[in-house]
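>>> Take this sequence and fold it.
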Amino acid sequence: LSNRSTFVWGGAMVLRRADVEQNMYGLLDWWRKGGYSDDMQVQACAQDAGRMIATPLSAIFPNELKKDVTFDYCWGFLR
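I've put the predicted structure just below:
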């Protein structure tokens, strides 16, 4: 077991500037193609390149979900 998660959250990720500027792992290409979310793209890119994702479990905050969430309520987020 590990005390780290492979979860990437776009609101709190740190990347090496030189790696991004040099497009070392193709991350800029992922971003240029677009897609659903930057954090999912970073996670996929890191895994494809065999890079480690380090997220201390203490940095993950669980959220309680609403019980009455409707499709219409979520539509703006899903688009």
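>>> V69: what secondary structure?
Going by DSSP: H, G, I helix; E, B strand; the rest coil, the secondary structure assigned to V69 is coil.
>>> how close does it get to W75?
11 Å (CB to CB, to the nearest Å). (Glycine included, C-beta is placed from N, CA and C.)
>>> which SS state does the nearest residue to N23 once chain neighbours are set aside fall under?
Counting by CB to CB, 6 or more residues apart in numbering, N23 lies nearest to D29, which is 6.6 Å off, once chain neighbours are set aside. Per three-state DSSP, the secondary structure class of D29 is helix.
>>> Could you check the pLDDT of D29?
Per-residue pLDDT puts D29 at 89.
>>> Strands of the protein, residue ranges please.
Taking DSSP state E as the test, the strands found in the chain are 4-5, 55-56.
>>> mean confidence for the first one?
For strand 4-5, the per-residue pLDDT values average out at 64.
>>> Ok, stretch 45-64 next?
Stretch 45-64 shows an average pLDDT of 78 in the prediction.
>>> From the chain's centroid, how far away is it?
8 Å (CA atoms, centre = their mean, to the nearest Å).
>>> End to end on it, go ahead and measure it.
Stretch 45-64 has an end-to-end distance of 29 Å (criterion: CA to CA, to the nearest Å).
>>> residues in contact with the lengthiest helix in the chain?
Longest helix in the chain by number of residues, with DSSP state H as the criterion: helix 38-48. The contact list for helix 38-48 (CB atoms under 8 Å, 6 or more residues apart in numbering) reads 6-10, 13, 15, 25-27, 30-31, 35, 51-53.
>>> run the last query once more with 6 Å
V8, W9, G10, Y25, L27, W30, G35, I53 (CB atoms under 6 Å, 6 or more residues apart in numbering).
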